[in-house]
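Enquirer: A structural model of the following input is requested.
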Amino acid sequence: MNEFLQLAMDTAAEAATIVRAGAEAPKKIEYKGDVDLVTDTDKRSEAAIVARIRQMFPDHAIVAEEGSEGAPRGAKYCWYIDPLDGTTNFAHGYPCFAVSIALQENDVPIVGVVVNPMSGETFSAAKGEGARLNGKPIRVSSTPKLATSLVSTGFPTHLLKQRSRNIEYYWGFTLRSHGVRRDGSAALDLCTVACGRFEGFWEFGLNSWDTAAGMVIIQEAGGKVTDLNGEPYRPGGHDILASNGLVHDEMRELAAEINKKAAAQRSE
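Expert: The predicted structure follows:
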């Protein structure tokens, strides 16, 4: 486990150096479809991560945002890589983006590392060994009620042209919580729950590489991760609900209430 975690941390640090340099240089931006951005920095970061993992563990599978793949399906170990989570923020110079690397063993996330290249914060965790921020142990918050909680969400760009269900959620949680933030990096949002700055996070339509690392980090920090129905969450699932555990049921119940109200309005 320590070997896997150390590789993830070393590799994320190398990629973060590439991303930080890219943030300070002129950017070459392309579009994947109508709204999703990809930059030359995404590609360089991913290439560096994939090269290092393949060198160390050539028999491991790799799933990465920009399309790099490793060993065939059915491999015991699979790495999930987001070389630049928050590309839209990066393209606009908003310093909320990250490198995210996770490892699953037999479909169970066991290692997660998320690095914010601009703040210098490195979140890390290995299954059964706790979660850390820059080497120091972290825990989720002890806030017991949603009314006094700060929560977060996001609106993935590939869903923007659809009528987003999340508009109703955003409004409902804004009324019932201490506030809702939308920072544009799911990996960092999850880590922010893990270290106690946010009490909860929910989102729709995220990919496996967006959530796999943050999921490990939250769980090892004492938090809880499910889908919005309270069922087990697997990276890449339709929706995700993450919290400090104390407000989890309240968030889930509010989500169900919002769904019921929205369905009634649509049937009128």
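
Enquirer: give the contact list for the residue positioned nearest the centre of the chain.
Expert: Centroid-nearest residue in the chain, with Cα atoms, centre = their mean: Ala187, separated by 2.6 Å. By Cβ atoms under 8 Å, 6 or more residues apart in numbering, Ala187 lies in contact with 82, 85-86, 98, 100, 114, 210-211, 213-214. All C-beta spots, glycine's among them, are computed from the backbone N, C-alpha and C.

Enquirer: Work out for me the element it sits within.
Expert: Ala187 belongs to helix 186-194 when assigned by DSSP states H and E.

Enquirer: follow-up on the earlier one: show me the contacts of Ala187 that map onto strands.
Expert: Judged by DSSP state E, the contacts of Ala187 include 82, 85, 98, 100, 114 as members of strands.

Enquirer: Next, count neighbours for the last one.
Expert: In other words, Val114. Neighbour count for Val114, taken as other Cβ atoms under 10 Å: 31.

Enquirer: For this protein, give me the ranges with low pLDDT.
Expert: Across the chain, the ranges flagged by pLDDT under 70 are 26-37, 68-73, 157-164, 265-268.

Enquirer: Let's see that with 90 instead.
Expert: Residue ranges of the chain with pLDDT under 90: 1, 24-40, 65-75, 88, 107, 155-168, 259-268.

Enquirer: what ranges do the strands span in it?
Expert: 29-32, 36-39, 61-64, 77-85, 98-105, 108-116, 121-126, 131-133, 136-137, 150-152, 179-181, 200-204, 224-226, 239-243.

Enquirer: okay if I get the ones you listed as CSV plus distance to Ala21?
Expert: Below are the strands of the chain laid out as CSV (distance: least, Cβ to Cβ, whole Å):
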stretch, distance to Ala21
strand 29-32, 16
strand 36-39, 12
strand 61-64, 20
strand 77-85, 12
strand 98-105, 13
strand 108-116, 14
strand 121-126, 17
strand 131-133, 23
strand 136-137, 27
strand 150-152, 28
strand 179-181, 28
strand 200-204, 29
strand 224-226, 33
strand 239-243, 31
